[in-house]
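> this one's structure only:
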């Protein structure tokens, strides 16, 4: 079982990168539907944050089972702080809106990746940075009233796709 968890722990960042490069700013039908739901429904955003938190908890558990150290404790404490939906929501909005913070998060992730025992912290920051990219911007959420003025579903989706990122 330890070997399986180790494989999961090391494959997880590559799966995140694969999802990022395959889905970012793509005009796929599933992405259009995802973006529309994220903008229109608050429950979709809550579900997205819940899935992100489940992934973080699972990765922290994998890291704790395979290589327990202080970095796993730090990552677990940060994950516990993110369990509060307001904190997680504001963190994702800040990372999405302010590119400087997003770049700092990626830089911290790369530094943690280079340090062997900081793998769990790397997993946390890499997942946060990828999740923030796919989170809707504040501007789109504040201008949801524009969607009501659109005539058709297709025009709504086109407006969201243009302003999402």
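Nice, thanks for sending it over. Nothing here was measured: the structure is a model prediction, and the numbers come from that model.

> for the host helix or strand of residue 71, what is the average pLDDT?
Under the criterion of DSSP states H and E, residue 71 resides in helix 70-82. In this model, helix 70-82 has a mean pLDDT of 92.

> Show me what the very next helix or strand once past that helix is packed up against.
Following helix 70-82 in sequence order, the next helix or strand is helix 85-97 (DSSP H and E). Of the remaining helices and strands, those touching helix 85-97 by 3 or more CB pairs under 8 Å, 6 or more residues apart in numbering; DSSP states H and E are helix 42-66, helix 70-82, helix 99-114, helix 119-133, helix 138-142. Placement of C-beta: from N, CA and C, glycine included.

> Quick one: closest of these to residue 164.
Nearest to residue 164, of all those, is helix 138-142, at 5.9 Å by CB to CB.

> Contacts for the closest one, please.
Contacts with helix 138-142, where a contact means CB atoms under 8 Å, 6 or more residues apart in numbering, come from 39, 93, 96-97, 160, 163-164.

> Quick check: buried residues in that helix?
By neighbour count on 16 or more other CB atoms under 10 Å, the buried set for helix 138-142 is residue 140.

> gap between it and the chain center?
18 Å (CA atoms, centre = their mean, to the nearest Å).

> out of the contacts of helix 138-142, which are buried?
Buried subset of the contacts of helix 138-142 (neighbour count, 16+ other CB under 10 Å): 39, 93, 96, 160, 164.

> so which of those residues comes closest to residue 6?
Nearest to residue 6 among the buried ones among the contacts of helix 138-142, with distances taken as CB to CB, is residue 96, at 31.8 Å.
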